[in-house]
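Chemist: below is the sequence, then the predicted model.
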Amino acid sequence: MQNQSNAHKKLAGNALSGMVATIIYMVSRILLTPYILHFLSLAEFGLWSLSFIILSYAGMGGFGVNSTYIRYSARYLAEGKESEISKLLSTGIAYMLTFSLLFCSLLFLMMPFILQQFHIGPSQQELASTIFIGTAIVFSLELTLGGLAFIINGMHEFAKEKIISTIAGLFEIVFILLFLALGSGVKGLLYAFALRLIMASALCWKVARTLLPSLTISWKLVTREHFRHFIGFGGKVQVLGIIGIFLTAIDRMFITAISGLASGGMFELGRKLPSTAGGIANSAFAPFLSTAAHLDGSWTGEQSDTVGDRIQTYIKIALMATLFAIVPICFLPILQQYLPVSPVVMASVIAALFCALFFLLHREQQNSNYLDSDELKELYLNGIRFTNIISSTLFVFLVFMAHPLIDGWVGPNYSEAATVMIFLSIGYAVQQCTGPVNMIFRGINRTGKELEYMLVQGLLMLIWIPAAIIAYGLSGAAAAIALSSISSTLFLFWRSGYTFQVRIREFVVRSLLPALVPVLPGCFFYAVTVLFPVTGRISIIVQLLACGVGYLLMTITLFWFTVLNDGEKKQAIALLPFSASRKNEKSS
């Protein structure tokens with residue numbers, strides 16, 4: 001019980017630490033780039049960027065491994081089986097070391113092909129080979145030793161791990177500045193990358209041993225049981241991660257293929273700030289996995305859940321999503337000429353089939369098993385509530401300030417990018433709520449619900465995005481992305497709400513309504529920009545900064561007096577760096 005209480009108490013602080021660390025990283029990298037370009041040519045900088053594009057394929061191998069570390073270390077801690085964490089870590093290191101050796105060997109053998117495919121000239125091939133192989137070795141070591149950081153996360157000490165990663169990242173910047181000044185060129189970035197890994201791994205090992213003095217790493221502790229965790233649970237999360245990458249890229253693939261590179265560039269401009277805001281919000285989700293794994297929970301009901309049953313459910317959901325997506329397509333003028341009957345008749349028939357499938361799934365869901373855990377229900381409601389407070393604060397500002405933001409950032413000739421930003425900000429703001437929900441399902445090893453959500457989102461995007469591009473251009477594509485995100489999120493709410501036995505009224509009042517609070521400050525400062533327009537990028541940026549500070553202060557004030565309860569206010573105060581409760585916690 002004490003462990004469960006500690007897990008709950010640390011959740012907010014862990015989530016906040018993830019966001020702060022992400023913001024520090026983003027800002028530091030933005031500021032560092034001009035300095036790097038002062039010492040490197042564009043070709044060398046492109047070489048460094050290309051190496052990480054190649055490494056991204058290896059990074060996909062770590063999706064399931066990271067979640068496996070967090071989930072099972074949290075479970076072992078909750079069950080008092082601390083000795084199993086050493087076996088988990090040793091097996092994970094052996095597993096990732098094998099994967100890394102295979103990846104580096106394959107990269108070495110494919111190096112001539114890679115150099116040829118990317119048109120790297122003979123004069124740069126030796127340098128390119130050094131950078132590609134060197135970054136692969138360092139990155140592989142990071143994947144192998146990264147289990148130390150995720151074990152710390154699994155013990156609900158995300159804040160400590162984020163402090164380590166932030167310190168190591170800041171020292172990497174110092175090393176980059178030093179090596180570039182000494183004339184090391186692009187190799188200096190590689191040396192700094194390696195030194196950051198050494199520092200982060202050493203600090204993580206020290207912290208992990210402090211938290212769990214019995215923690216050891218030995219080949220003798222590698223077991224088949226723990227290997228099955230990485231293959232079984234880790235494999236499922238791996239598949240979800242790959243699907244997630246596909247879903248994040250499919251919009252740009254369609255836009256570029258149908259409308260051309262110029263539209264793809266315009267879309268990227270409109271997507272940049274919402275994507276960055278989403279990254280900040282996403283960094284708060286990881287602690288929900290370990291907390292849910294720690295709490296676990298018992299299931300009520302006797303309905304079987306075989307592989308065949310799950311496949312049938314996925315097929316019904318896929319058909320339902322497809323029918324739902326086709327209904328509005330029937331009314332597009334470009335498709336009406338191909339319909340055998342009027343659009344109203346066709347849409348009505350398809351809608352009737354959709355409703356029939358929906359009620360069939362609803363009836364099956366009412367007879368399915370559900371979680372009997374007040375702790376997990378609270379975690380679910382509070383997770384969505386917390387996410388809505390954070391994401392609405394970020395995205396509402398982007399919606400109301402889209403045009404000034406684009407004008408101040410890249411100039412006045414990109415108004416379509418502002419329209420894209422508005423639609424994407426609305427869609428992303430709603431979609432952020434799926435983050436804690438999916439992490440909770442991973443924590444209790446019920447990843448099927450996340451797969452259902454991705455299945456719905458993927459089918460809606462596959463049907464709606466190309467149709468919207470053809471009919472309405474780039475703005476239509478952005479609207480289609482937003483609608484597919486909102487629809488799939490509502491679907492996940494419907495499915496997860498039954499699992500956690502949450503009533504609709506309780507869900508709306510407690511978790512959804514807080515998202516409306518920033519709308520009032522957003523409207524006010526939008527009116528300010530309309531009533532007091534300015535010209536020139538410097539003037540626009542100054543106005544944006546002033547409006548941003550005022551918006552943030554007004555939003556925080558409204559949340560404080562209209563949304564947060566007494567417990568949440570005390571918790572918010574406790575998170576302040578110099579609060580009395582924080583000092584007492586450190587002294588104890």
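Modeler: Yep, it's here.
Chemist: going by C-alpha atoms from here, please, whenever you check contacts or count neighbours.
Modeler: Fine.
Chemist: where do the helices of the stretch 1-150 of the chain begin and end?
Modeler: Ranges of helices in the stretch 1-150 of the chain, per DSSP state H, counting those that start in this stretch, are 2-39, 42-59, 63-79, 82-117, 122-145, 147-154.
Chemist: would you agree Phe63 is in contact with Ile243?
Modeler: No: under the criterion of Cα atoms under 8 Å, Phe63 is not in contact with Ile243, lying 11.4 Å apart.
Chemist: which of the two has more residues huddled nearby?
Modeler: Remark: of Phe63 and Ile243, Phe63 carries more neighbours, 19 against 15, as counted by other Cα atoms under 10 Å.
Chemist: got the contact list for the residue nearest to the more buried one when sequence neighbours are not counted?
Modeler: Leaving aside its sequence neighbours, Phe63 sits nearest to Gln238 (Cα to Cα, 6 or more residues apart in numbering; 5.2 Å). By Cα atoms under 8 Å, 6 or more residues apart in numbering, the contact list for Gln238 reads Met60, Gly61, Gly62, Phe63, Gly64, Val65.
Chemist: might you list the low-confidence residue ranges for the chain?
Modeler: By pLDDT under 70, the low-scoring segments of the chain are 1-10, 12, 61, 301-304, 575-588.
Chemist: and the gap between the residue positioned nearest the centre of it and Glu126?
Modeler: Nearest to the mean C-alpha position of the chain, by Cα atoms, centre = their mean, lies Asn282 at 4.2 Å. With the distance defined as Cα to Cα, to the nearest Å, Asn282 ends up 39 Å from Glu126.
Chemist: circling back to that earlier point, which one of the contacts of Gln238 is nearest to Val430?
Modeler: Among the contacts of Gln238, Phe63 lies closest to Val430 (Cα to Cα), at 23.9 Å.
Chemist: look up how far Val396 lies from the residue nearest to Phe63.
Modeler: 33 Å.
Chemist: can you report phi and psi for Leu182?
Modeler: With angles defined as degrees, to the nearest 10, Leu182 sits at phi -80, psi 0.
Chemist: just the one 3 residues further on next, same as before
Modeler: In terms of degrees, to the nearest 10, the main-chain angles of Gly185 are phi 70, psi -150.
Chemist: end to end on stretch 180-191, go ahead and measure it.
Modeler: End-to-end distance (Cα to Cα), stretch 180-191: 10 Å.
Chemist: who wins on neighbours among the contacts of Gln238?
Modeler: Highest neighbour count within the contacts of Gln238: Val65, with 27 neighbours (other Cα under 10 Å).
Chemist: how is the protein divided into domains?
Modeler: 47-235, 260-301+369-587 (automatic domain parsing).
Chemist: just put those domains in a markdown table and tack on distance to Phe324.
Modeler: What follows is the domains of the chain, written out as a markdown table (distance: least, Cα to Cα, whole Å):
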| stretch | distance to Phe324 |
| --- | --- |
| domain 47-235 | 30 |
| domain 260-301+369-587 | 8 |
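Chemist: which of those domains sits closest to Val327?
Modeler: domain 260-301+369-587 (10.5 Å).
Chemist: from the chain's centroid, how far away is the closest one?
Modeler: 11 Å (Cα atoms, centre = their mean, to the nearest Å).
Chemist: for the helix or strand where Arg252 lies, which residues meet the burial criterion?
Modeler: Following DSSP states H and E, one finds Arg252 within helix 224-259. Judged by neighbour count (16 or more other Cα atoms under 10 Å), helix 224-259 contains these buried residues: 226-227, 229-231, 233-238, 240-241, 247, 251-252, 254-255.
Chemist: equivalent analysis for stretch 267-279, please.
Modeler: Applying 16+ other Cα under 10 Å to stretch 267-279 flags Phe267, Glu268, Leu269, Gly270, Arg271, Leu273, Pro274, Ser275, Ala277, Gly278, Gly279 as buried.
Chemist: please apply the same query to stretch 200-216.
Modeler: Ala200, Ser201, Leu203, Cys204, Trp205, Val207, Ala208, Leu212, Leu215, Thr216.
Chemist: before we move on, what about stretch 477-496?
Modeler: Buried-residue list, stretch 477-496, by 16+ other Cα under 10 Å: 477-493, 495-496.
Chemist: swap in stretch 92-101?
Modeler: Buried residues in stretch 92-101, defined by neighbour count with 16+ other Cα under 10 Å: Gly92, Ile93, Ala94, Tyr95, Met96, Leu97, Phe99, Ser100.
Chemist: return the member of the residues you listed nearest to Leu145.
Modeler: Nearest member of the buried residues of stretch 92-101 to Leu145, counting by Cα to Cα, is Ile93, at 6.5 Å.
Chemist: the closest one and Thr144, how far apart?
Modeler: Counting by Cα to Cα, the gap from Ile93 to Thr144 is 5 Å.
Chemist: ramachandran coordinates for Ala527?
Modeler: phi -60, psi -40.
Chemist: report how many residues lie close to it.
Modeler: Neighbour number of Ala527 under other Cα under 10 Å is 13.
Chemist: what sits against it?
Modeler: Counted by Cα under 8 Å, 6+ apart, Ala527 has zero contacts.
Chemist: distance of it relative to Leu520?
Modeler: From Ala527 to Leu520 the distance is 11 Å (Cα to Cα).
Chemist: cool, and Leu101?
Modeler: 55 Å.
Chemist: could you do Thr210 as well?
Modeler: From Thr210 over to Leu520 (counting by Cα to Cα), the distance is 47 Å.
Chemist: cool, Leu513 as well?
Modeler: Taking Cα to Cα, one finds Leu513 at 13 Å from Leu520.
Chemist: flag every buried residue along the helix or strand encompassing Tyr428.
Modeler: Here Tyr428 is covered by helix 415-431, with elements defined by DSSP H and E. Neighbour counts over helix 415-431 (16+ other Cα under 10 Å) mark 415-431 as buried.
Chemist: circling back to that earlier point, in strands only, show me the buried residues of stretch 267-279.
Modeler: In strands, judged by DSSP state E, none of those are found.
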